[in-house]
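Student: One predicted model, sequence on top.
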Amino acid sequence: METKILNATIIAGNVHRLRLAANLTQSELAKKLNVSTSSVNAWEKEKTYPSLINVLSLCNYFDVKVDDLIGVPSMIKR
């Protein structure tokens, strides 16, 4: 199996793009996800990755697949 490495630039860009498309500020998104504004800022500035629970929350909120949010094609053969 090929190893996939998460790309902070892709995740940051996707979070930023989705937030802007929803017409939300970082503070508004933070409140909806029950996280701090500084967490959303750190994700968008490539300082940290969202935790797994926050990835799932982002995906649920924006109605996107995890693979699409983190920029990694599914590793499960269908």
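Tutor: That came through fine.

Student: Go ahead and flag the most central residue of the chain.
Tutor: Centre of the chain computed as the mean C-alpha position; nearest residue by C-alpha atoms, centre = their mean is residue 15, 4.6 Å away.

Student: Identify the residue nearest that residue in space, chain neighbours excluded?
Tutor: The shortest distance from residue 15 to any non-neighbouring residue, by C-beta to C-beta, 6 or more residues apart in numbering, is to residue 43 (5.0 Å). The C-beta positions use only the backbone N, C-alpha and C, and glycine is treated the same way.

Student: okay, residue 15: pLDDT?
Tutor: Looking at residue 15, its pLDDT reads 98.

Student: and if you look at the one 10 residues further on?
Tutor: Predicted confidence (pLDDT) for residue 25: 98.

Student: With just CA atoms, put whichever helix or strand residue 32 is part of into PDB.
Tutor: For residue 32, the host element (DSSP states H and E) is helix 26-33. Below are the C-alpha coordinates for helix 26-33, written out as PDB (Å, rounded to 0.1, in the frame of the first residue of the first chain):
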ATOM      1  CA  GLN A  26     -13.400  32.500  11.200                       C
ATOM      2  CA  SER A  27     -15.100  33.400  14.400                       C
ATOM      3  CA  GLU A  28     -18.500  32.300  13.100                       C
ATOM      4  CA  LEU A  29     -17.100  29.000  11.900                       C
ATOM      5  CA  ALA A  30     -15.400  28.500  15.200                       C
ATOM      6  CA  LYS A  31     -18.700  29.000  17.100                       C
ATOM      7  CA  LYS A  32     -20.500  26.500  14.800                       C
ATOM      8  CA  LEU A  33     -17.800  23.900  15.400                       C
END
